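Trainee: What would the 3D arrangement of this be:
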Amino acid sequence: MKGVDDLSVGNATVDMYARCNFIADAQVALIRLPVKDVVSWNSLIFGYAEQGSCEEVFECIGKMQKDGIAPDSVTYVMCLKACNSSEWSSVRGDVLHTQIIYLGFENNAIVGSALVDMYAKAGLLMDAEKVFNDLPNPHVMVWTALIAGYAQHGSFISAHKCYEKMQLKGICPDQGIFVCLLKAVKDVGAIFVVHELHADVIKRGYDQDILICSILVDIYAKFGAILEAQSVFNRLPIRDVVSWSALMRGYGMNHDGKNALKCFEKMKNEGIKLDEVMFTCLLFACSRSQLIIKGQEFFHGISEHGFVPSVGHYTCMVDLLSKLGNLIEAEKFTEAMSSPPVLTTLLAACKSHGDSTLGQHCFHELTK
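Mentor: Predicted coordinates for the structure are as follows:
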């Protein structure tokens, strides 16, 4: 391999293969390097970490240390990331944590954030808190990791307290923190908390952020505050398929299929590219408002736009047909897509309509 003797060229080659997910080629390129440094190994470790290959990551660490090359902070960040997708995350994470302390990386903001994130995702919130509390001046990314951990494991109160504490310390919340909190607040059932967070979103200048506003639209719709959802949407300077889909789903949640269809027409007029999720939102709205003709039209439109109908699409159609008592047609959809969500929807409809024969058939299919 011409030029591989030059370490920088060799490292770039390993990195290129790893980032393109050609791990075997990256490994060969690394082996061919006559001289390796920490960057060489980090490039390969990155590739394994992206795949969630925890065992291979640890093998790389062992080999590089055997070659007399000490891991750096970047190495450990990638290793911790690999642990996030491993069932051995807590065991492997503890080993890494011990090494991190030994090498003096425990106060590094990026490493600390990765440690907090790993423990939090594994549900080890006390360990995450301990790492967090030991950091001298936690960066916003560390606060985000801890808040995300609380939110992910259903502890919105702890997440919100953490959010308030960081502001008292003069640290401004970023987009990631608002996304975590807003996703978690949906399950709290208190709209006044949503209003408080929304006020903070405006105060911090994120009131035109598409992702945050799409979540706000969804939350307000869930609480039945569709006018507030529409107001948030209207303030967006640029609307994409995600924000339009959130609004359509919002109208669907509130049994207003007609306005959901109007949104669809406006979206098309703006030249927004359609996607599979948008069709799910449309079918959901049709199901809630029992718009059978439009529902069938949109279902056929999925294939016409080059998409393959998903489980969600089939589930919406079975729900729509079942609500209208058309169980025979609904059953045809389960024959085309006999997945648990689709069959469960039809089974529930059989119970509502008193069709024990079809219900027994659905139950048999589910328990195969």
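Trainee: Give me the buried positions along the worst-scoring helix or strand of the chain on mean pLDDT.
Mentor: Lowest mean confidence among the helices and strands of the chain (mean pLDDT, DSSP states H and E): helix 89-103, at a mean of 79. Buried positions in helix 89-103, judged by neighbour count with 16 or more other C-beta atoms under 10 Å: 89, 92-93, 96-97, 99-100, 103. Just so you know, the C-beta spots here come from the backbone N, C-alpha and C atoms, and that holds for glycine as well.
Trainee: do the same with stretch 161-170
Mentor: Neighbour counts over stretch 161-170 (16+ other C-beta under 10 Å) mark 162-163, 166 as buried.
Trainee: Reformat those as a markdown table; add secondary structure.
Mentor: Converted to a markdown table, the buried residues of stretch 161-170 look like this (DSSP: H, G, I helix; E, B strand; the rest coil):
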| residue | secondary structure |
| --- | --- |
| C162 | helix |
| Y163 | helix |
| M166 | helix |
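Trainee: Kindly reformat these as TSV containing distance to A120 and pLDDT.
Mentor: Below are the buried residues of stretch 161-170 laid out as TSV (distance: C-beta to C-beta, whole Å; pLDDT from 0 to 100):
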residue	distance to A120	pLDDT
C162	11	93
Y163	15	93
M166	15	92
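Trainee: quick one: which of these is nearest I215?
Mentor: Distance ranking of the buried residues of stretch 161-170 against I215, using C-beta to C-beta, places Y163 first at 15.4 Å.
Trainee: and that closest one, what is it in contact with?
Mentor: 147, 173, 177, 181 (C-beta atoms under 8 Å, 6 or more residues apart in numbering).
Trainee: does N21 sit in a helix, a strand or a coil?
Mentor: Look at N21: counting by three-state DSSP, its state is coil.
Trainee: That one contacts Y48, correct?
Mentor: No - the criterion here is C-beta atoms under 8 Å, and N21 misses it with Y48 at 10.6 Å.
Trainee: The two: which is more packed in?
Mentor: Using other C-beta atoms under 10 Å, the more surrounded residue of N21 and Y48 is Y48, with 23 against 11.
Trainee: Residues in contact with the host helix or strand of the more buried one: which ones?
Mentor: Per DSSP states H and E: Y48 is located in helix 38-51. Helix 38-51 has contacts (C-beta under 8 Å, 6+ apart) with 7, 10-11, 14-15, 17-19, 21, 23, 26-27, 30, 33, 56-57, 60-61, 63-64, 69-72, 74-75, 78-79, 81-82.
Trainee: Export only the CA atoms of it, formatted as PDB.
Mentor: Extracted as PDB, the C-alpha positions of helix 38-51 are listed here (Å, rounded to 0.1, in the frame of the first residue of the first chain):
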ATOM      1  CA  VAL A  38      -2.500   6.400  19.800                       C
ATOM      2  CA  VAL A  39      -4.200   8.000  16.800                       C
ATOM      3  CA  SER A  40      -3.800   4.800  14.800                       C
ATOM      4  CA  TRP A  41      -5.500   2.700  17.400                       C
ATOM      5  CA  ASN A  42      -8.200   5.400  18.100                       C
ATOM      6  CA  SER A  43      -9.200   5.300  14.500                       C
ATOM      7  CA  LEU A  44      -9.900   1.500  14.600                       C
ATOM      8  CA  ILE A  45     -11.500   1.700  18.100                       C
ATOM      9  CA  PHE A  46     -13.800   4.400  16.600                       C
ATOM     10  CA  GLY A  47     -15.000   2.000  14.000                       C
ATOM     11  CA  TYR A  48     -15.700  -0.800  16.600                       C
ATOM     12  CA  ALA A  49     -17.400   1.700  18.900                       C
ATOM     13  CA  GLU A  50     -19.700   2.900  16.200                       C
ATOM     14  CA  GLN A  51     -20.800  -0.700  15.700                       C
END
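Trainee: For the remainder of this discussion, apply numbering that starts at 206.
Mentor: Let's use 206 as the start, then, which means that last one is helix 243-256.
Trainee: Flag every buried residue along that helix.
Mentor: Buried residues in helix 243-256 (16+ other C-beta under 10 Å): 243-255.
Trainee: out of the residues you listed, which one sits closest to A430?
Mentor: Checking these against A430 by C-beta to C-beta gives E255 as the nearest, at 40.3 Å.
Trainee: Can you tell me how far the closest one is from F227?
Mentor: Distance from E255 to F227, counting by C-beta to C-beta, to the nearest Å: 12 Å.
Trainee: now do K408
Mentor: Distance, K408 to F227, using C-beta to C-beta: 46 Å.
Trainee: Between those two, tell me which one has more neighbours.
Mentor: The neighbour comparison of K408 against F227 (other C-beta under 10 Å) goes to F227, with 14 against 11.
Trainee: picking up where we left off before, now the buried residues of helix 243-256 in CSV, with distance to L571 and pLDDT?
Mentor: Output for the buried residues of helix 243-256, formatted as CSV (distance: C-beta to C-beta, whole Å; pLDDT from 0 to 100):
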residue, distance to L571, pLDDT
V243, 53, 92
V244, 53, 91
S245, 52, 90
W246, 49, 90
N247, 48, 90
S248, 47, 90
L249, 45, 90
I250, 43, 89
F251, 42, 89
G252, 40, 88
Y253, 38, 87
A254, 38, 86
E255, 36, 85
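Trainee: so what are the domain limits for the protein?
Mentor: 206-310, 324-409, 412-506, 515-573 (automatic domain parsing).
Trainee: Can you say which of those domains is nearest to S318?
Mentor: Closest to S318 of the domains of the chain is domain 324-409 (C-beta to C-beta; 4.4 Å).
Trainee: just how off-centre is that closest one within its chain?
Mentor: Its chain's average C-alpha position is 16 Å from that of domain 324-409, according to C-alpha atoms, centre = their mean, to the nearest Å.
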